[in-house]
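**Q** Starting from these lines, generate the structure:
(one chain, ligands or ions: 2)
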Amino acid sequence: MTEERAVSINLEDKESKESKDLQLLLDPSYPLLQRFRDKCPGTYHHSQTISGIVEGIALSLNLNVLKMKVIATYHDIGKTFNPKYFTENHIEDDEDPHLKLLPSMSYNIITRHVSDSVMILINDHKFPRDVIEVISQHHGTSILQYFFDKSGKGVEDTFRYKTTKPTGLEAAILMIVDRVEATCRSLSSSNKFDPACVIDKTINLLLDDGQLDEVVMKLGNLKAIKNALLKELEGVFSKRVDYDKAKIEVISEIDLDGGIDE
Ligand SMILES: [Fe+2]
Ligand SMILES: [Fe+2]
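**A** Ligands and ions are numbered 1, 2, ... in the order given. Model prediction:
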């Protein structure tokens, strides 16, 4: 066997082992995933929706689909430590536990879900390091606007996540999709809305806030992300899609940072 052929077989083995590991992590019977579903059903559902959406985007951008799905599936697993403090886990008539807390306490509880996710995944040796790195960047240095406003005073920076901004395409996609999905979910319970408007507004807010400054992208990448995301959202929220101009204007008044996404 030539040296070249041996190297290529080794690479194929490595890739197929990595694919098998990733597939195992997506298996609903994987113990960590089962625990996630039991402890945090709302967040689990949110993560499954994100996983479905990023699958379409990864395919259209020629990224590793399995890896992108694992990233999406586990990005919020740290919320299993404090499920009730996250709106997606509230059951109707549940009192919002943040009502009794100082905004600074709410900030601490909410933002720690990123380091908790990293800690949980590092302790499970099946997760590739690059998957954990992408997850660690999914909120960048974004602000918890709702709790900053609630505090009524103080320095904006004290209500920002203290994590690294996205450095690659996968992390940028996760950040955008996470925000867009949370906003659409929130709007879908009360309104009809235009997903294209939500996507544009979300991406512009993230760009203006400098959250995507570290990502090296081709000019066409953002356009491809928008197109693929729009197609996926129309599938997920099909009954709520409304292209009515008047309603688009109403939506454009909504502050997409207004505490919708955590
Ligand atoms: Fe998160
Ligand atoms: Fe999320």
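
**Q** Helix or strand: which one has the residue of the stretch 151-262 of the chain found nearest ligand 2?
**A** Taking Cβ to the ion, ligand 2 has its nearest neighbour within the stretch 151-262 of the chain at Asp178, 4.3 Å off. Using the backbone N, CA and C atoms, a C-beta is placed for each residue, glycine as well. Following DSSP states H and E, one finds Asp178 within helix 169-188.

**Q** Just give me how far that helix sits from the chain centre.
**A** Distance of helix 169-188 from the chain centroid (Cα atoms, centre = their mean, to the nearest Å) equals 6 Å.

**Q** If you count contacts, what does it end up packed against?
**A** helix 41-60, helix 65-74, helix 129-136, helix 195-208, helix 219-236 (3 or more Cβ pairs under 8 Å, 6 or more residues apart in numbering; DSSP states H and E).

**Q** got the angle for the third one vs helix 169-188?
**A** When axes from the mean of the first three to the mean of the last three Cα atoms, to 10 degrees is applied, the directions of helix 129-136 and helix 169-188 differ by 40 degrees.

**Q** residues of helix 129-136 that come out buried?
**A** For helix 129-136, a neighbour-count test (16 or more other Cβ atoms under 10 Å) marks Val131, Ile132, Glu133, Val134, Ile135, Ser136 as buried.

**Q** and this structure, which residues reach ligand 2?
**A** Asp76, Asp178 (Cβ under 5 Å from the ion).

**Q** low pLDDT regions in the chain?
**A** For the chain, the stretches with pLDDT under 70 are 1, 5-11, 190-191, 239-262.

**Q** longest helix of it?
**A** Secondary structure assigned by DSSP state H gives helix 3-26 as the longest helix of the chain.

**Q** check contacts around the residue lying closest to Gln23 once chain neighbours are set aside.
**A** With Cβ to Cβ, 6 or more residues apart in numbering as the criterion, Gln23 has its nearest non-adjacent residue at 6.5 Å, and that residue is Leu66. Leu66 is in contact with Ser19, Leu22, Gln23, Leu26, counting by Cβ atoms under 8 Å, 6 or more residues apart in numbering.

**Q** The residue of the stretch 151-262 of the chain closest to ligand 2 contacts Ile135, correct?
**A** No. Look at Asp178 against Ile135 with Cβ atoms under 8 Å: they stay out of range, at 10.7 Å.

**Q** Mind listing the shared neighbours of those two?
**A** Here Asp178 and Ile135 share the contacting residues His75, scored by Cβ under 8 Å, 6+ apart.

**Q** about what we covered before: the helix holding Asp178 versus helix 195-208: what angle between them?
**A** Using the same axes, to 10 degrees, helix 169-188 lies at 130 degrees relative to helix 195-208.

**Q** CA atoms of helix 169-188 as PDB?
**A** Written as PDB, here are the backbone C-alpha positions of helix 169-188 (Å, rounded to 0.1, in the frame of the first residue of the first chain):
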ATOM      1  CA  LEU A 169     -19.600  30.500  10.700                       C
ATOM      2  CA  GLU A 170     -21.100  27.700  12.800                       C
ATOM      3  CA  ALA A 171     -21.200  30.000  15.900                       C
ATOM      4  CA  ALA A 172     -22.600  32.900  13.900                       C
ATOM      5  CA  ILE A 173     -25.400  30.600  12.500                       C
ATOM      6  CA  LEU A 174     -26.200  29.300  16.000                       C
ATOM      7  CA  MET A 175     -26.400  32.900  17.400                       C
ATOM      8  CA  ILE A 176     -28.600  34.100  14.600                       C
ATOM      9  CA  VAL A 177     -31.000  31.100  14.500                       C
ATOM     10  CA  ASP A 178     -31.200  31.000  18.400                       C
ATOM     11  CA  ARG A 179     -32.400  34.700  18.400                       C
ATOM     12  CA  VAL A 180     -34.700  34.400  15.400                       C
ATOM     13  CA  GLU A 181     -36.400  31.300  16.700                       C
ATOM     14  CA  ALA A 182     -36.900  32.700  20.200                       C
ATOM     15  CA  THR A 183     -38.400  35.900  18.700                       C
ATOM     16  CA  CYS A 184     -40.700  34.000  16.200                       C
ATOM     17  CA  ARG A 185     -41.900  31.700  19.000                       C
ATOM     18  CA  SER A 186     -42.700  34.700  21.200                       C
ATOM     19  CA  LEU A 187     -44.500  36.500  18.300                       C
ATOM     20  CA  SER A 188     -46.300  33.400  17.100                       C
END
